[in-house]
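J.: build me a model:
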Amino acid sequence: MGESRNELLAWVNNLLQLNITKIEQFGTGAALCQIYDSIFQDVGMSKVKFNVNSEYMYLQNFKVLQNTFTKHGIDRTIPVEQLVKCKMQDNLEFLQWTKRFWDQYFPGGEYDAMARRKASGAPATASAPPPSRPAGAGAIGAKRAAPTTMAARPGVKAGAGAGSAALINENSQLKEIVQGLEREKLFYFSKLRDIELLVQQAMETNPELEANEESLEKQIQDILYSTEEGFEIPADGEGIADDGETF
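T.: Numbering: from 1, shown residues only. Got it, this is the predicted structure:
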């Protein structure tokens, strides 16, 4: 049984000096990148963006995290496509796994999270919580007794890993991203097709609508059939197919 949401939030906020209030916020990838930076201290923090609100930028953060996993041979798939949707359950499960990994491999000592963010150009104090640490069993400090040696990592390959493994990991992530974009494209094309059919049915019922340039239906049809160059595709026998091609 992993830690509860409140325990995980207390741990991350204390470790990174942030003020994260929801598990869903880990879907941006930024805090996850810095958790692993606290272990390895070589994550490309200059590429990690904290104050972002678009899925595209989340993907850039997760690319940094994937590079870290590849560099250190961490044998774990990052479910990027699910995490960037910022759903609670997906992010909770990955954060619980990350916490177990951190417990095992954090080298100990102090980790100056704000200094690492400041050095990377990210805001160092904008989201920092009050300096007092939460009390009770759920509060897990960033300071730990440093072990003399780091235990062998089960499931973690020595060194940076084979080049082929890195390519396989990167290819897998790219496939997930492409599949997500393809589903999104088909979703919007299906909506456009539904609108086109409604307009066609209205014009078949009332042919005068097509001749009336001021009618709403005619204006919608003009938009659907317009191209980037500004000219219209002939409406007779043509339309927008489900795959985005004209027919």
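
J.: average pLDDT for stretch 102-119?
T.: Average pLDDT, stretch 102-119: 92.

J.: and stretch 214-228, by the same measure?
T.: 79.

J.: list the buried residues for that stretch?
T.: By neighbour count with 16 or more other Cβ atoms under 10 Å, stretch 214-228 contains the buried residues 215, 217, 218, 221, 224, 225. Using the backbone N, CA and C atoms, a C-beta is placed for each residue, glycine as well.

J.: swap in stretch 53-70?
T.: Buried-residue list, stretch 53-70, by 16+ other Cβ under 10 Å: 55, 57-59, 61-70.

J.: so where does residue 109 fall, helix or strand?
T.: Following DSSP states H and E, one finds residue 109 outside all helices and strands.

J.: just give the number of residues close to it.
T.: 11 (other Cβ atoms under 10 Å).

J.: hang on, isn't residue 12 packed against residue 18?
T.: Yes. Residue 12 is within contact range of residue 18, at 6.7 Å (criterion: Cβ atoms under 8 Å).

J.: ignoring the adjacent residues along the chain, who's closest to residue 24?
T.: residue 86 (4.4 Å; Cβ to Cβ, 6 or more residues apart in numbering).

J.: next one: the one you found from residue 61, what distance?
T.: 12 Å (Cβ to Cβ, to the nearest Å).

J.: shared neighbours of the two, anything?
T.: Common contacts of residue 86 and residue 61, defined by Cβ atoms under 8 Å, 6 or more residues apart in numbering, comprise residue 28.
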